[in-house]
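>>> Turn this into a model:
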Amino acid sequence: MSVTQSTIEETVHIALREDVGDGDITAELIPIDAVSLANVISREECVFCGMDWFEEVFRQIDDEVFIEWHVQDGDSVAAGETICSLSGSSRSLLTGERTALNFIQTLSATSTLASSYARAVAGTGAAVLDTRKTIPGLRAAQKYAVSCGGCQNHRMGLFDAILIKENHLLAAGSIQKAVDEARFHSPGYPVEVEVENLTQLEQAIAAGVDRILLDNFTTEQIREAVKLSNGRTPLEASGGITLENIREYAETGVDYISTGSLTKDITAIDLSMRFSM
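Below is the predicted model of the structure:
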């Protein structure tokens with residue numbers, strides 16, 4: 001997955017407006033002509049992510065800040081490893097420090113957790129997907145981080161794919177009616193239906209959907225669903241899946257496993273910027 005430059009610029013602009021506001025009044029304590037060198041260090045192992053957001057922070061503050069990268073997005077980083085080195089105006093480095101670190105701490109946390117999930121299902125044939133349970137304002141950034149960690153992206157939002165859930169089905173009247181309406185109003189978009197039992201699974205297969213989400217199925221129920229589907233429609237498992245049990249779900253033969261944990265159950269990676277004046 002790639003993120004457009006305009007999206008990165010907008011996200012960083014909002015973050016800087018939130019932090020810097022009308023100006024960094026603390027940085028004014030530093031002589032305006034002071035120049036510094038700095039290194040960003042990781043205090044723990046991680047899968048790094050967020051180069052473009054980090055660079056954009058300093059570009060919007062001071063495009064004369066120079067950044068030398070020692071790692072790339074998706075690289076495994078050891079505790080104590082230097083991620084990048086910076087040089088430029090001391091004021092500019094200080095002003096951008098927190099916002100720039102916030103981006104890479106959060107995105108590296110996402111990619112690191114995604115890497116753990118990807119390793120957990122390795123060799124099973126199942127792909128791990130993210131969801132829309134992202135930090136507000138960071139949807140594209142976190143989904144990019146998920147891909148850096150080795151997992152895959154589900155739909156970006158409500159605009160690029162159709163997922164018919166329980167309340168949609170109740171309002172529409174049946175799976176077939178809901179699917180027919182989806183095909184009529186949004187031709188060309190992928191259509192997925194969430195089902196809660198094997199009867200609904202049969203109905204969704206008959207309706208010709210592109211994918212079926214097995215909502216809160218046990219692993220035994222998923223095995224039955226895989227056997228019943230027999231490859232006719234790709235199946236996705238979701239609900240109650242954790243890093244501890246995902247391997248068991250993956251070994252049922254399901255095609256996809258989606259979990260909001262990739263983007264919401266994260267702990268920021270401990271990164272620090274060390275200055276030398």
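
>>> Low-confidence bits of the chain, can you list those?
277 (pLDDT under 70).

>>> Show me where it has its helices.
5-19, 51-61, 90-120, 139-148, 166-172, 175-185, 198-206, 219-229, 246-250, 261-264 (DSSP state H).

>>> Residue 72: which of these is closest?
Relative to residue 72, the nearest member of the helices of the chain by C-beta to C-beta is helix 51-61, separated by 6.9 Å. Where C-beta positions appear, they are placed from N, C-alpha and C, glycine not excepted.

>>> If you count contacts, what does that closest one end up packed against?
helix 5-19, strand 66-69, strand 82-89, helix 90-120 (3 or more C-beta pairs under 8 Å, 6 or more residues apart in numbering; DSSP states H and E).

>>> Mind doing that once more with 6 Å?
Judged by 3 or more C-beta pairs under 6 Å, 6 or more residues apart in numbering; DSSP states H and E, helix 51-61 is in contact with helix 5-19, helix 90-120.

>>> Mean neighbour count, the ones you listed: which tops it?
Highest mean neighbour count among the helices and strands packed on helix 51-61 (mean count of other C-beta atoms under 10 Å): helix 90-120, with a mean of 23.

>>> so it versus helix 5-19, what angle?
120 degrees (axes from the mean of the first three to the mean of the last three C-alpha atoms, to 10 degrees).

>>> Helix 90-120 - contacts with which helices or strands?
Packed next to helix 90-120, using 3+ C-beta pairs under 6 Å, 6+ apart, are helix 5-19, strand 35-42, strand 46-47, helix 51-61, helix 139-148, helix 261-264, strand 271-276.

>>> How many neighbouring residues does the nearest residue to residue 85 once chain neighbours are set aside have?
Excluding its sequence neighbours, the residue lying closest to residue 85 (C-beta to C-beta, 6 or more residues apart in numbering) is residue 68, at 4.6 Å. Residues within reach of residue 68, counting by other C-beta atoms under 10 Å, total 10.

>>> coming back round to it: compare the helices and strands packed on helix 90-120 and give me the one nearest residue 164.
It is, among the helices and strands packed on helix 90-120 and with distance given as C-beta to C-beta, helix 139-148, at 21.2 Å.

>>> ok so, going back, now render the helices and strands packed on helix 51-61 as JSON lines, adding distance to residue 165.
Formatted as JSON lines, those follow (distance: least, C-beta to C-beta, whole Å):
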{"stretch": "helix 5-19", "distance to residue 165": "27"}
{"stretch": "helix 90-120", "distance to residue 165": "23"}
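
>>> Ok, which of those helices comes nearest residue 139?
That would be helix 5-19 among the helices and strands packed on helix 51-61, by C-beta to C-beta, at 9.3 Å.

>>> which other residues reach the closest one?
Among residues not part of helix 5-19, those counted as contacts by C-beta atoms under 6 Å, 6 or more residues apart in numbering are 52, 53, 56, 57, 60, 99, 140.

>>> Please put the alpha-carbon coordinates of it into PDB.
Taking only C-alpha atoms (Å, rounded to 0.1, in the frame of the first residue of the first chain), the coordinates of helix 5-19 have been written out as PDB:
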ATOM      1  CA  GLN A   5       1.900  12.900  -0.600                       C
ATOM      2  CA  SER A   6      -1.100  15.200  -0.200                       C
ATOM      3  CA  THR A   7      -2.500  12.900   2.500                       C
ATOM      4  CA  ILE A   8       0.800  12.900   4.300                       C
ATOM      5  CA  GLU A   9       1.100  16.700   4.100                       C
ATOM      6  CA  GLU A  10      -2.400  17.100   5.400                       C
ATOM      7  CA  THR A  11      -1.900  14.700   8.300                       C
ATOM      8  CA  VAL A  12       1.300  16.400   9.300                       C
ATOM      9  CA  HIS A  13      -0.200  19.900   9.000                       C
ATOM     10  CA  ILE A  14      -2.900  19.000  11.400                       C
ATOM     11  CA  ALA A  15      -0.400  17.400  13.900                       C
ATOM     12  CA  LEU A  16       1.900  20.500  13.800                       C
ATOM     13  CA  ARG A  17      -1.100  22.900  14.200                       C
ATOM     14  CA  GLU A  18      -2.100  20.900  17.200                       C
ATOM     15  CA  ASP A  19       1.400  21.000  18.800                       C
END
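
>>> Thanks a lot, catch you later.
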